[in-house]
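Please find the sequence and the predicted model below.
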Amino acid sequence: MVTNHVRAIHRCNCSVCRHHPRAAVAKEHRAINRLLAAADERLRRLLAGLLASKIGRGGIQQLARITGMHRNTVALGKRELRQKHRFPSNRVRRSGAGRKRLEEKRPGR
């Protein structure tokens, strides 16, 4: 079952975006967040990992601040990009990941 959720666009809270919202850096941060808002959770993770690796040292923390994602999620995306064996591209999560079905959580109801 595919559901189309509308994801809110995260507002970067870095000092440049707060004090100079029309600066080129602030515009770039808004573009990154608009792109990530349109992606599913796997693609968000991979894009954040790619951008963090392009920044280099401190990239994970910087992308976490820009996107509002947890730094572990950005690091996971970076690791997934380096892996040779990835899970199938038609899946958003690994098999067994996510919430349990209600029937499994509360049998007999």
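Yep, that arrived. Residues are numbered from 1 along each chain as shown.

residues contacting the residue nearest to residue 71 when sequence neighbours are not counted?
Distances taken as CB to CB, 6 or more residues apart in numbering place residue 64 nearest to residue 71, at 4.2 Å, with adjacent residues excluded. No exception for glycine: its C-beta is placed from N, CA and C like everyone else's. When contacts are counted by CB atoms under 8 Å, 6 or more residues apart in numbering, residue 64 is found next to 70-71, 73-74.

roughly how far apart are residue 64 and residue 80?
Distance, residue 64 to residue 80, by CB to CB, to the nearest Å: 16 Å.

show me where pLDDT drops low in this structure?
1-6, 85-98, 103-109 (pLDDT under 70).

For it, just list every one of the helices.
Applying DSSP state H to the chain gives helices spanning 15-19, 24-37, 41-55, 59-67, 71-82, 102-105.

Quick one, which of these gets closest to residue 9.
Taking CB to CB, helix 24-37 is the member of the helices of the chain nearest to residue 9, at 4.5 Å.

Tell me which residues touch the spatially closest residue to residue 48 that is not a sequence neighbour, please.
Distances taken as CB to CB, 6+ apart place residue 74 nearest to residue 48, at 4.6 Å, with adjacent residues excluded. Applying CB under 8 Å, 6+ apart to residue 74 gives the contacts 45, 48-49, 52, 60, 63-64, 67.

Which of those residues sits closest to residue 22?
Using CB to CB, the contacts of residue 74 come closest to residue 22 at residue 67, 20.4 Å.

Next, count neighbours for that closest one.
23 (other CB atoms under 10 Å).
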